[in-house]
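Enquirer: model the following, please.
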Amino acid sequence: VRENLPVTFLENDQELNAASLKDVQLLIILRDGMNWPDGYDKPAVKWMTDAQQQAIWDFVHNGGGFVPLHNAQGIYPPDGPYYKLLGGDYGGHPKPYVFTVRIENKNHPVTAGVEDFEIFDEQHTVKYFLDREHLLLRSIARDNLAAPAGWWREMGKGRLVYLAPGHTPEALGHPMMQRLLRNAMRWCLRVE
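Expert: Residues are numbered from 1 along each chain as shown. Next comes the predicted model:
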């Protein structure tokens, strides 16, 4: 709303496909790869199909912007195009607590106007596969547990920004996180 961008929400994960991405400029995913169709006491199933992975890959490579948030890098089919696109993998997390988000690259448009901040959230200990140049954020717990917490990349004609914070409303609503989100969307959309 603040950026005056029209938004479409998909509640049914099967509606995420090449056709639904055809007229979209920016994709944001804030969910992991699991569904529990038979209840939480039964085994979970992974919802993202090979065709959906390929649709997201093609979307970004053809010029789309992609902002995966928090657990959007977790529990998806391994070694598929979705993981290759992300540049990182789920590494787990402790229970939510207060930790610091430290800005690692203060010269990137995504971190413009953002200062180090503390949030109450799940600290994802993601596995990061890209080089140091792409790292934007690091999370650091009070016991010094540290992990990459955000990065950028350009692939094909498109752009991607991953941001790890985002499990709690407090984390998503934090002014610095709000600025990161706006900056990430604007950078992915190439809005100056």
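Enquirer: only C-alpha atoms for contact and neighbour calcs from this point on.
Expert: Fine.
Enquirer: for the lengthiest helix in the chain, which helices and strands make contact with it?
Expert: For the chain, the helix with the greatest residue count under DSSP state H is helix 175-189. Here helix 175-189 touches strand 26-29, strand 65-68, strand 158-163, going by 3 or more CA pairs under 8 Å, 6 or more residues apart in numbering; DSSP states H and E.
Enquirer: any chance of these in JSON lines, with mean neighbour count and mean pLDDT too?
Expert: What follows is these, written out as JSON lines (neighbours: other CA atoms under 10 Å; pLDDT from 0 to 100):
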{"stretch": "strand 26-29", "mean neighbour count": "18", "mean pLDDT": "95"}
{"stretch": "strand 65-68", "mean neighbour count": "25", "mean pLDDT": "97"}
{"stretch": "strand 158-163", "mean neighbour count": "26", "mean pLDDT": "97"}
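Enquirer: output those in a markdown table; the columns should cover distance to Ala55.
Expert: Below are the helices and strands packed on helix 175-189 laid out as a markdown table (distance: least, CA to CA, whole Å):
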| stretch | distance to Ala55 |
| --- | --- |
| strand 26-29 | 11 |
| strand 65-68 | 12 |
| strand 158-163 | 13 |
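Enquirer: Gly113 is nearest to which of those?
Expert: strand 158-163 (16.1 Å; CA to CA).
Enquirer: and of the helices and strands packed on helix 175-189, who's closest to Thr8?
Expert: Comparing the helices and strands packed on helix 175-189 by CA to CA, strand 26-29 comes nearest, at 9.7 Å.
Enquirer: partner strands of the closest one and their direction?
Expert: Sheet pairing for strand 26-29, assigned by DSSP bridges, gives strand 65-68 (parallel).
Enquirer: what's the mean pLDDT across the longest helix of the chain?
Expert: Averaging pLDDT along helix 175-189 gives 96.
Enquirer: which residues touch it?
Expert: Applying CA atoms under 8 Å, 6 or more residues apart in numbering, the external contacts of helix 175-189 come out as 3, 25-26, 64-67, 109-115, 117, 158-161, 165, 171-172, 192.
Enquirer: how about it: buried residues?
Expert: 176-177, 179-181, 183-189 (16 or more other CA atoms under 10 Å).
Enquirer: quick check: angle from that helix to strand 158-163?
Expert: Counting by axes from the mean of the first three to the mean of the last three CA atoms, to 10 degrees, helix 175-189 lies at 170 degrees to strand 158-163.
Enquirer: for helix 175-189, C-alpha coordinates in PDB please.
Expert: Extracted C-alpha coordinates of helix 175-189, given in PDB (Å, rounded to 0.1, in the frame of the first residue of the first chain):
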ATOM      1  CA  PRO A 175      10.900   0.000  11.000                       C
ATOM      2  CA  MET A 176      14.300  -1.300   9.700                       C
ATOM      3  CA  MET A 177      12.700  -4.500   8.400                       C
ATOM      4  CA  GLN A 178      10.000  -2.400   6.700                       C
ATOM      5  CA  ARG A 179      12.600  -0.300   5.100                       C
ATOM      6  CA  LEU A 180      14.500  -3.400   3.900                       C
ATOM      7  CA  LEU A 181      11.300  -4.800   2.500                       C
ATOM      8  CA  ARG A 182      10.500  -1.600   0.600                       C
ATOM      9  CA  ASN A 183      14.100  -1.300  -0.600                       C
ATOM     10  CA  ALA A 184      14.200  -4.900  -1.800                       C
ATOM     11  CA  MET A 185      10.900  -4.600  -3.700                       C
ATOM     12  CA  ARG A 186      12.000  -1.300  -5.300                       C
ATOM     13  CA  TRP A 187      15.400  -2.800  -6.200                       C
ATOM     14  CA  CYS A 188      13.900  -5.900  -7.700                       C
ATOM     15  CA  LEU A 189      11.400  -3.800  -9.700                       C
END
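Enquirer: I am finished for the moment; much appreciated.
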